[in-house]
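Chemist: task: produce atomic coordinates for the following.
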Amino acid sequence: MQIVEATAADAQHIALLARFTFTETFAHYFKNKTELQDYLLQTFNVQKLKKSLKKPNTVYWLAYIDELPVGYAKLKLDSPSPFIASGKVCQLQKIYVLKDFLSKKVGRELQDALFKKAMASDSEKIWLSVLKSNSRAISFYEKNDFETIGDHDFQIGEEHFKFQAMAKNLK
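Modeler: Here you go, the predicted model:
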């Protein structure tokens, strides 16, 4: 396995992984598949990801196994949360791994790279949002010292999702 920090040249790989992993994780919640496709096109298009990859406060990583991209992670530095009083906060925005590679501990490796960068920043805490029904992900984060700090909703088209915010001290 190889974990590399991504550049704008990697936007196509990230866009493709994002579409596959989001679909694997969330497609069964969508009654209207057109809304899912619209969200994927809007959120994970190559040009939008290239812009995101060029932002100084956003860092992406790609995970490769046998030279194939199998997962990615995204960290947003200086990302305040309504659930955290501290101003020195970063956000673990995404860790997604193709289902066929979950048993290879790709998520842990991506998280380790992300934590190293987060701890090297001046952030005191790191936070994330996770779907409340995603018990596998919640368990993963709890094992890594994240604690629930609040709940919030997210809407895509007609679908409403219940999320919980979690945070971890970095210092």
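
Chemist: how close does the closest residue to Lys48 other than its chain neighbours get to Val70?
Modeler: Take Lys48 and drop its neighbours on the chain: the residue closest to it by C-beta to C-beta, 6 or more residues apart in numbering is Gln42, 7.9 Å away. C-betas here are computed from N, CA, C, even on glycine. Counting by C-beta to C-beta, to the nearest Å, the separation of Gln42 from Val70 is 24 Å.

Chemist: out of the two, which sits in the busier spot?
Modeler: Val70 (23 against 10; other C-beta atoms under 10 Å).

Chemist: ok, the more buried one touching Trp61?
Modeler: No - with contacts counted by C-beta atoms under 8 Å, Val70 stays clear of Trp61, the gap being 11.9 Å.

Chemist: now the strands for this structure?
Modeler: 2-5, 58-65, 68-76, 89-97, 125-131, 147-156, 159-169 (DSSP state E).

Chemist: make JSON lines out of those and add distance to Lys50 and mean pLDDT.
Modeler: Formatted as JSON lines, these follow (distance: least, C-beta to C-beta, whole Å; pLDDT from 0 to 100):
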{"stretch": "strand 2-5", "distance to Lys50": "15", "mean pLDDT": "98"}
{"stretch": "strand 58-65", "distance to Lys50": "11", "mean pLDDT": "98"}
{"stretch": "strand 68-76", "distance to Lys50": "14", "mean pLDDT": "98"}
{"stretch": "strand 89-97", "distance to Lys50": "16", "mean pLDDT": "95"}
{"stretch": "strand 125-131", "distance to Lys50": "24", "mean pLDDT": "94"}
{"stretch": "strand 147-156", "distance to Lys50": "23", "mean pLDDT": "92"}
{"stretch": "strand 159-169", "distance to Lys50": "27", "mean pLDDT": "93"}
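
Chemist: which one of those strands lies closest to Leu17?
Modeler: strand 68-76 (5.2 Å; C-beta to C-beta).

Chemist: bridging residues for the residue nearest the centre of the chain?
Modeler: Nearest to the mean C-alpha position of the chain, by C-alpha atoms, centre = their mean, lies Lys94 at 0.4 Å. Beta-bridge partners for Lys94, by DSSP bridges, are Lys74.
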